[in-house]
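A predicted structure for the sequence below; I have some questions about it.
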Amino acid sequence: MIDFHLIIDLVPRLAKLFFSKYFDKVLRMSYVQAAIFLGIGLQFKNVDNLGKDLGGLKVNQILPQLNKCIKKFTTVFRKIYELEAEEQIAEFVPNKANQILDEATGVKETLAKEMDREGRKFVEELRKERDTFQKDVKNKNKQHHKKSKGR
């Protein structure tokens, strides 16, 4: 059971939210609970006067009903909080974590990736040099062959 004096300052705001239909689809109250919430939250009545207005309800009947109302709000707020946390966790995928870490450290790629990339560049340069060398050898062979035929 909640301590009435600790949450009484929240009740007017919660009542305003409830009766403004913000929680219409997710929060249901009985007529008695709604009347208690209206009386305490929006009409600022004390529990004794509210009991008289509700046909002689006693304090020990009103406070448990108010407690149930607060528990319903707590459940809704907890669910909203959990859904928000789930959305944030869903956005935080491992690739995103690596990207954030890379940006934070200034390191754009791992050492293995860098070595692999540089190794490929080196192999490509060697192939180009080999092809150039082979063309030069063929050209020299052709020139040498032409000179030897010409004699």
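Here it is on my side, so go on. Numbers count the residues shown, from 1 in each chain.

where does Asp136 land in three-state SS?
Following DSSP: H, G, I helix; E, B strand; the rest coil, the label given to Asp136 is helix.

Quick check: it vs Glu129, distance?
10 Å (CB to CB, to the nearest Å). C-beta: built from backbone N, CA, C; applies to glycine.

what comes up buried for stretch 21-36?
Under the neighbour-count criterion of 16 or more other CB atoms under 10 Å, stretch 21-36 has Phe23, Leu27, Met29, Val32, Gln33, Ala34, Ala35, Ile36 buried.

Poorly predicted segments of this protein, please.
Within the chain, the stretches with pLDDT under 70 are 1-2, 90-109, 144-145, 148-151.

Show me the helices in this protein, by range?
Taking DSSP state H to define them, one finds helices in the chain at 4-7, 11-19, 31-37, 47-53, 59-91, 94-105, 111-150.

other SSEs contacting the last one?
Applying 3 or more CB pairs under 8 Å, 6 or more residues apart in numbering; DSSP states H and E, one finds that helix 111-150 contacts no other helix or strand.

And that helix, how far out from the chain middle?
54 Å (CA atoms, centre = their mean, to the nearest Å).

Next: stretch 3-23.
Using CA atoms, centre = their mean, the offset of stretch 3-23 from its chain centre is 27 Å.

Show me what it is in contact with.
By CB atoms under 8 Å, 6 or more residues apart in numbering, the surrounding residues in contact with stretch 3-23 are 27, 29, 34, 37-38, 40-42, 44, 47, 63, 66, 69-70, 73, 76.

ok, how many other residues are close to Lys72?
19 (other CB atoms under 10 Å).

And it, how far from Leu14?
10 Å.
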